[in-house]
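A.B. asks: Build me a structure from this.
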Amino acid sequence: MAAQHKKITPQSWEKAWVQTWKQMQMDYELPVEANGERKFLTEVRTWEKEKKRLNRIMKEFKMGFRDLKEIGPAVTVFGSARFREGDPYYELSRKTGKVFGEAGFNILTGGGPGAMEAANRGAWEAGSPTYGLNIVLPHEQHPNPYVTKSIEFNYFFVRKVMLVKYSCAFIVMPGGIGTLDELFEAATLIQCKKIGPFPVILVGEKFWSGLRDFVAFMASQGVFSEEEIGFARIVDTPEEALDMVMRSMPPGLKKKLKKTRKK
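C.D. replies: The predicted structure follows:
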């Protein structure tokens with residue numbers, strides 16, 4: 001179950017920051033298998049070394065494009081890795097994956113545990129293709145077992161390109177810093193007309209109401225225009241999210257979805 005809501009005072013925020021900063025003071029270690037990457041990043045950046053890095057990045061892009069090129073109509077589900085089976089948000093994510101899977105969508109997630117696992121699991125239970133785009137982290141993140149295909153990335157930004165490129169909607173479950181990063185990356189790309197427009201849907205009214213209040217405050221400070229406030233819709237059920245996505249889809253894509261559903 002989620003922890004009891006506790007007010008964060010300026011003093012407790014500062015105390016947490018000081019503790020975090022102490023932990024960041026040069027004792028950060030990558031896992032053994034990533035030592036080569038650490039050495040590469042801490043050496044002087046010559047042009048030859050930068051070219052090697054570019055080759056590594058290009059290799060990951062090619063892998064993603066190759067492995068996802070045949071994907072059907074898909075939605076990406078973002079969410080926290082920290083929920084466990086039986087937690088309300090785990091089960092909400094599982095139901096979301098199932099509802100979209102039954103509708104004929106392929107499901108993309110970050111491939112890890114928590115809400116990602118739950119969404120993959122729901123789609124897997126519905127018999128829908130389900131993909132996990134896993135990331136190599138200093139702390140372990142193993143691919144969850146409910147994916148049709150798992151693809152492993154070293155670079156967050158390459159992984160995020162894949163999660164955005166192959167989706168016609170972004171479903172955002174409750175989550176922390178990583179989830180917010182993914183949410184606002186998608187919202188920024190849509191705002192700047194680099195992609196879409198595609199629907200961005202936040203599932204969980206209680207969880208996301210604080211974000212809505214904060215956006216309202218930011219708008220009052222002049223950093224959001226009135227038309228930008230609605231960059232995402234907040235809903236309480238997977239069915240509401242599916243209805244919004246279905247209404248946003250062009251007829252040609254809906255036909256492909258129907259073909260997928262019949263298989």
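
A.B. asks: Tally up the residues packed near residue 20, please.
C.D. replies: Counted with other Cβ atoms under 10 Å, the neighbours of residue 20 add up to 9. For every residue, glycine as well, the C-beta is placed using N, CA and C.

A.B. asks: Could you report the distance from it to residue 114?
C.D. replies: When Cβ to Cβ, to the nearest Å is the yardstick, residue 20 and residue 114 sit 21 Å from each other.

A.B. asks: buried residues in stretch 50-66?
C.D. replies: Residues 60, 64 are the ones in stretch 50-66 that count as buried (16 or more other Cβ atoms under 10 Å).

A.B. asks: so how far is it from its chain's centroid?
C.D. replies: On the basis of Cα atoms, centre = their mean, to the nearest Å, stretch 50-66 sits 21 Å off its chain's mean C-alpha point.

A.B. asks: got the contact list for the residue minimising distance to the centre of the chain?
C.D. replies: The chain has residue 78 as the residue nearest its centroid, 3.2 Å off, counting by Cα atoms, centre = their mean. Taking Cβ atoms under 8 Å, 6 or more residues apart in numbering, we find residue 78 in contact with 109, 110, 115, 163, 170, 171, 172, 173, 175, 179, 182, 183.

A.B. asks: how distant is stretch 174-187 from the center of its chain?
C.D. replies: Worked out by Cα atoms, centre = their mean, stretch 174-187 lies 7 Å from the chain centre.

A.B. asks: other SSEs contacting the helix or strand where residue 121 lies?
C.D. replies: Secondary structure assignment for residue 121, by DSSP states H and E: helix 115-125. In terms of contacts (3 or more Cβ pairs under 8 Å, 6 or more residues apart in numbering; DSSP states H and E), helix 115-125 is packed against strand 74-78, helix 88-102, strand 106-109, strand 130-135.

A.B. asks: Indicate which one of these is closest to residue 208.
C.D. replies: Nearest to residue 208 among those is helix 88-102 (11.5 Å), distances taken as Cβ to Cβ.

A.B. asks: mean confidence for the closest one?
C.D. replies: Helix 88-102 shows an average pLDDT of 97 in the prediction.

A.B. asks: cool, stretch 248-263 as well?
C.D. replies: 77.

A.B. asks: ok, back up a step: compare the helices and strands packed on helix 115-125 and give me the one nearest residue 250.
C.D. replies: The closest of the helices and strands packed on helix 115-125 to residue 250 is strand 74-78. By Cβ to Cβ, the value is 15.0 Å.
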